[in-house]
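>>> Got a predicted structure here, sequence first:
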Amino acid sequence: MEKLSRREFVKTGVLGSAALAAAPSALLAANPSKVDVWIFKGEDPRTLMAECMETVFANGGFGKGARKVALKVNAAWDRTPEQAANTHPELVDVFLEKALASGVKVVMPENPCHRAERSFTSSGLLDVAKKHNVKMIDLKSHKKSFTEVDIPGGKKLKSVKVAREFLEADAVVNMPIAKHHSGGTLTICMKNWMGAVEGRKTWHVKGLHQCIADFSSFMKPTWAIVDATCCMTSKGPQGPSEDMIYPQQIILSKDQVAADAVAALLFHDSPYKVKYLQIAKEMGVGVTDKSDMNIHEVEV
Amino acid sequence: MKNILLNIKMKPKDKGLQTAVRLLLLAGALFMVLGGPLPRVARKILPILSPLTALSEAVAQRTWYAALYWLLPPLAVLLLAVFKGRFFCQWICPLGTLYALPGKSSKPKSGGTAVSPSMGIGADAPPKKKILSLRLNAMIFWLILSASAFGLPVLLSLDPLSTFSRLGAWREAAMWIPGALIPLMLLLSFFQPQAWCTHLCPLGYSFDLMNRRSGKKTFNRDRRQFLAGLGIGIPAALLLPKIIKGKSKPSILPPGATPKFAETCTRCYACVAVCPTRIIRIKTGGGLNELFMPELCFDRGACEEFCNRCTQVCPTGAIRVLAENAKRHRKIGEAQINRDACLSWTDDEYCMVCDEYCPYSAIATHTKGNGIPCPEMIPEACRGCGACEHNCPAVRDGKAILVSALTPQEKIPS
């Protein structure tokens, strides 16, 4: 259903968006039981990720007949993996290995904050992509990717230009690193989408937290995978920070809001310290209360 | 008029060789200034060859440029002139070759043979009418040198090798104002072959002057031009900048720029061409001695934390060579927050984009009573890289954070 909605938007444009105005409610209705959230804990990131991928495939993988997967990592900053500003390359390495082995094609589009030539390289993610022959697309220099879409449920964000790769994919995977963020309090899955759009500057003017929640009501991934192996708790999102924590976790869910809410607890005593999570709850974008989740803790 | 430029007598066979060598060097020079697969430092090889630039720079800075080995190429060119006069002009100078091309195509009529004419300077039969009859090389040379000594460097941009290098910055619209010299002289060459080389080029004159056989004669012959050059250059350098004062705020200069940047920059635009974020622009306003000077503007991006390209390509030492880590801590300016324009301070929005993009953690967070985080400067940590200014999303009253220049540049603690 949700896969259809993304594809419809790009194919039918305005007409499509009108027809799909009812889609969000249908999505919610498809989620009667509690939301599954897996927390993988362990010292070795590679085995953690391998375990995570097994769970992904045991729970429907990327969907029936899925061929194209668009992976949204965080490769925004000219920072090294140790500085934990970008998704850890080891995790992405294992993800690509397992995903490709399942027979899908993967692309990695990213609209970085620093020049891609720097951030893609320093993050170690370009090397990983090359290793697997996966295309890492610099959206900064590939502007023609951006396609205007309407956000039917958006309160402040009514329309936005999104990278076509995400709209046209059969499955979208949101795979950020969890870290402190000066304006967003935390950046995990929901805020990670700001690297998939053009013109993100206007979000701050319209209301950052509302726009983040608005966009997440539109762009819902098949899987949300949070890198919480090593996280900065200050000077985010770029760092370098002296205040690092090492939760050694990967958090997995089909609901990116739930994944964010669980990851937020690594930093704060309540997910609602993060305003966009509060808004997402009120808008019904996803679940934020642990009581609405089935949390599976997996020691690896 | 007897052509003094033709010191070397050549057989026709050699002329073919000369043409081939010159065209090859022209292609090579184009490669060097346009970059491409060559190492970055290649961009400065051409402009650095000019002894005129080296001399004027030294005169203006009142010191020799620290990296002495970079003085070896111009020294070699100078030595070449001592023994061979205008050999450089006749065999190497890519701008000379470029200006010889129109002469080559428009020439034949008067000549007896249909054989391709020489690319050598002065070898062509003189045309009937000359647009430019007076040779001004000497005056321009002395004008440049005296003006540089007294702090007005603008004419140094007449150096042919810097002029040629300017082509590397073809992407900048403003380049075509100082770059117009090339098309202009090319056009002139159709009517008067190589008019630039024979009648105007100050570098060519310096070769005549250095030549052990013709040097003294050249100086004596052009004594009036020597006096004219000094007579115009020194007062111009002293007076003009005071009379022509453009309105502009102080320019933010590339990292490594010396306080005498404006005086010693030859406008070769190698720094403009190599900047990966294209923030080194050509100044179009401002005072006379800052005319067409490279300056930083954060509209297109910021001065990257891990980059020292511009410091690697400057042929004159107007921008000193800096290692990446030294460049990383070179303070070129300082940001200031305008709270009235700021989304957090004035509009109660969650923003802090300036902090987000600041690689130096030079922005502290002040949380207002209503929980909105607001930016506050930590001036001593700021390098003036412009990441905050470039990314500030405020529009109502313009950017809420702006970098102002710091001259001389300083170090920030690492």
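Perfect, thanks for sending it.

>>> what residue ranges in the chain score low on pLDDT?
If you meant another chain, say so; for now it's chain A. Applying pLDDT under 70 to chain A picks out residues A:1-32.

>>> Hmm, no, I was thinking of chain B.
Along chain B, segments meeting pLDDT under 70 span B:1-13, B:63-68, B:104-129.

>>> got the residues of chain A near chain B?
Contacts of chain A with chain B, taken as C-beta under 8 Å from any C-beta of the partner chain, map to A:78, A:113-115, A:117-118, A:181-184, A:201-205, A:207-209, A:235, A:237-238, A:275. Just so you know, the C-beta spots here come from the backbone N, C-alpha and C atoms, and that holds for glycine as well.

>>> How many residues are close by the nearest residue to A:Asp44 once chain neighbours are set aside?
Beyond its immediate neighbours in the sequence, the residue positioned closest to A:Asp44 (C-beta to C-beta, 6 or more residues apart in numbering or on different chains) is A:Val300, lying 7.6 Å away. A:Val300 has 17 neighbouring residues, counting by other C-beta atoms under 10 Å in any protein chain shown.

>>> same thing with B:Ala173?
Residues lying near B:Ala173 (other C-beta under 10 Å) number 10.

>>> ok, and the most centrally placed residue in chain A, which helix or strand is that part of?
Nearest to the mean C-alpha position of chain A, by C-alpha atoms, centre = their mean, lies A:Asn174 at 2.7 Å. When elements are assigned from DSSP states H and E, A:Asn174 belongs to strand A:171-175.

>>> which residues of the stretch 1-150 of chain A fall in helices?
In the stretch 1-150 of chain A, the segments counted as helices under DSSP state H, counting those that start in this stretch are A:2-19, A:23-29, A:45-58, A:89-101, A:116-122, A:125-131.

>>> Touching the strand holding A:Asn174 from outside, list them.
Residues from elsewhere that reach strand A:171-175 (C-beta atoms under 8 Å, 6 or more residues apart in numbering or on different chains): A:3, A:6, A:62-63, A:66, A:68-74, A:87, A:91-92, A:95, A:104, A:166, A:189, A:192-193, A:219-227, A:256.

>>> what's the next helix-or-strand element following that strand packed up against?
Note on strand A:171-175: by DSSP H and E, the next helix or strand toward the C-terminus is strand A:179-181. Helices and strands in packing contact with strand A:179-181 are listed as strand A:185-187, strand A:231-232; criterion 3 or more C-beta pairs under 8 Å, 6 or more residues apart in numbering or on different chains; DSSP states H and E.

>>> Report the buried residues of the longest one.
Translated: strand A:185-187. Using 16 or more other C-beta atoms under 10 Å in any protein chain shown as the burial criterion, the residues of strand A:185-187 that qualify are A:Thr185, A:Leu186, A:Thr187.

>>> Restrict the contacts of strand A:171-175 to the buried ones and give me that as a PyMOL selection.
Selecting the buried subset of those in PyMOL, with 16+ other C-beta under 10 Å as the burial test, is done by:
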select buried, chain A and resi 3+6+62+66+69+70+71+72+73+74+87+91+92+95+104+166+189+192+193+219+220+221+222+223+224+225+226+227+256
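
>>> So which of the contacts of strand A:171-175 are in strands?
Of the positions in the contacts of strand A:171-175, A:Lys68, A:Val69, A:Ala70, A:Leu71, A:Lys72, A:Val73, A:Trp223, A:Ala224, A:Ile225, A:Val226, A:Asp227 sit in strands, assigned by DSSP state E.

>>> what sits opposite the third one in the beta ladder?
Yep, that's A:Ala70 we're talking about. With DSSP bridges applied, the residues forming beta bridges to A:Ala70 are A:Val107, A:Val172.

>>> out of the buried residues of strand A:185-187, who's nearest chain B?
Of all the buried residues of strand A:185-187, the one sitting nearest chain B is A:Thr185; the distance, using C-beta to the nearest C-beta, is 8.1 Å.

>>> which ones are touching that closest one?
A:Thr185 makes contact with A:His268, A:Lys273, A:Val274, A:Lys275 under the criterion C-beta under 8 Å, 6+ apart.

>>> try it again with 10 Å
Residues counted as contacts of A:Thr185 (C-beta atoms under 10 Å, 6 or more residues apart in numbering or on different chains) are A:191, A:208-209, A:236, A:264, A:267-268, A:273-277, B:350, B:352, B:371, B:373.

>>> A:Ile232 touches A:Ser182, doesn't it?
Not quite, residue A:232 is Met, not Ile. No. Using C-beta atoms under 10 Å, A:Met232 and A:Ser182 do not qualify as a contacting pair, with a distance of 11.3 Å.

>>> mind checking how far stretch A:164-171 is from the chain centre?
Its chain's C-alpha centre lies 13 Å from the corresponding centre of stretch A:164-171 when counted by C-alpha atoms, centre = their mean, to the nearest Å.

>>> Oh, that last question was meant for stretch B:306-325, not what I typed.
Here stretch B:306-325 shows a centroid-to-chain-centroid distance of 14 Å under the convention C-alpha atoms, centre = their mean.

>>> quick revisit: and the gap between the residue nearest to A:Asp44 and chain B?
Plainly put, A:Val300 is 33 Å away from chain B if you go by C-beta to the nearest C-beta, to the nearest Å.

>>> That residue contacts A:Ala50, correct?
Yes. The pair formed by A:Val300 and A:Ala50 meets the contact definition of C-beta under 10 Å, at 8.4 Å.

>>> Common neighbours of these two, please.
Shared between the contact lists of A:Val300 and A:Ala50 (criterion: C-beta under 10 Å, 6+ apart) are residues A:Phe40, A:Asp44.

>>> In its sheet, which strands sit next to whichever strand in chain B runs longest, and in what direction?
In terms of residue count, the longest strand belonging to chain B (DSSP E) is strand B:401-411. Here strand B:401-411 is paired, per DSSP bridges, with strand B:330-337 (antiparallel).

>>> which strands and helices sit next to the helix or strand where B:Ala228 lies?
For B:Ala228, the element it lies in under DSSP H and E is helix B:223-243. For helix B:223-243, the elements it packs on are helix B:137-149, helix B:202-210, helix B:215-221, judged by 3 or more C-beta pairs under 10 Å, 6 or more residues apart in numbering or on different chains; DSSP states H and E.

>>> One more pass at 8 Å, please.
Here helix B:223-243 touches helix B:137-149, going by 3+ C-beta pairs under 8 Å, 6+ apart.

>>> The helix it packs on to helix B:202-210, inter-axis angle?
Counting by axes from the mean of the first three to the mean of the last three C-alpha atoms, to 10 degrees, helix B:137-149 lies at 100 degrees to helix B:202-210.

>>> Tell me the gap between the helix or strand just after helix B:137-149 and the middle of its chain.
Towards the C-terminus, the helix or strand next in line after helix B:137-149, according to DSSP H and E, is helix B:160-165. Averaging C-alpha positions (C-alpha atoms, centre = their mean) puts helix B:160-165 8 Å from its chain's average.

>>> who's in contact with helix B:160-165?
Residues from elsewhere that reach helix B:160-165, judged by C-beta under 8 Å, 6+ apart: B:29, B:33, B:43, B:46-47, B:49-50, B:53, B:93-96, B:98, B:156-157, B:179, B:181-182, B:196, B:201, B:203-204, B:266-270, B:315.
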